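Participant: below are the sequence and a predicted model; questions follow.
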Amino acid sequence: MKKKKLEIQYKELASREELSKEDFELLKKSEEARERAYSPYSKFKVGAALMLSNRKIVTGNNQENASFPVGLCAERVALFAAHSQFPDEKINTLVITASGSEKVLETPISPCGSCRQVFTEFEKEQGAPMRIILASGKGKILVFEEADTLLPLSFFSNQLNE
Ligand code: THU
């Protein structure tokens, strides 16, 4: 039996001051979107903002429902909105922020598996890296240069025909 190890590569920034001007602007947009979240059930607000190759910014936030499983994460709201309006543009960078009901979080939240599956398919489809920045809270920020790294061994459409 061969043992194999998978590595996730990312950069850790000590604070938002270390972001480039463009990434910082996107972070602000993500936080603004976060404040418009519809999350009366979890009271957990998540915001997402992405920069397209045509320089347009598309935002999203989590949308919940009394029928709980119907809701959608902020990341997918933003990604699907962008992909539906600008199907031929590449998604350069996606910034995700979150806050709890009481306070600012200490650490960035990590996107759920379903969102990672969407990142990885869109990244493959656009043939260019999609940067993911996790920036909730006051402290450190995680920067993933390729979304793919967040979902190793992911399922792709080519497997449907095998
Ligand atoms: N949520 C997101 O929007 N993104 C994530 O990455 C994790 C979780 C939302 C879903 C739900 O509305 C609330 O946060 C609590 O899970």
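Facilitator: Everything's here; your move.
Participant: over to residue 97. Which of the three states is it?
Facilitator: strand (DSSP: H, G, I helix; E, B strand; the rest coil).
Participant: how about the one 5 residues further on?
Facilitator: With three-state DSSP as the basis, residue 102 sits in coil.
Participant: and it, how many neighbours?
Facilitator: Residues within reach of residue 102, counting by other Cβ atoms under 10 Å, total 6. The way it works is simple: take the backbone N, C-alpha and C, and place the C-beta from them, glycine included.
Participant: just the pLDDT at it, thanks.
Facilitator: Predicted confidence (pLDDT) at residue 102: the value is 77.
Participant: I figured residue 93 hits residue 135, correct?
Facilitator: No: judged on Cβ atoms under 8 Å, residue 93 makes no contact with residue 135 at a distance of 11.2 Å.
Participant: neighbour count: these two, which is higher?
Facilitator: Neighbours were counted for residue 93 and for residue 135 using other Cβ under 10 Å; residue 135 has more, 26 against 21.
Participant: what's the distance between the more buried one and the ligand?
Facilitator: Using Cβ to the nearest ligand atom, to the nearest Å, we find residue 135 at a distance of 12 Å from the ligand.
Participant: in this structure that residue contacts residue 94, no?
Facilitator: No: between residue 135 and residue 94 there is no contact under Cβ under 8 Å: 10.7 Å.
Participant: around the ligand, which positions in this structure sit nearby?
Facilitator: 39, 42, 44, 46, 62, 64, 71, 73-75, 109, 111-112, 115 (Cβ under 6 Å from any ligand atom).
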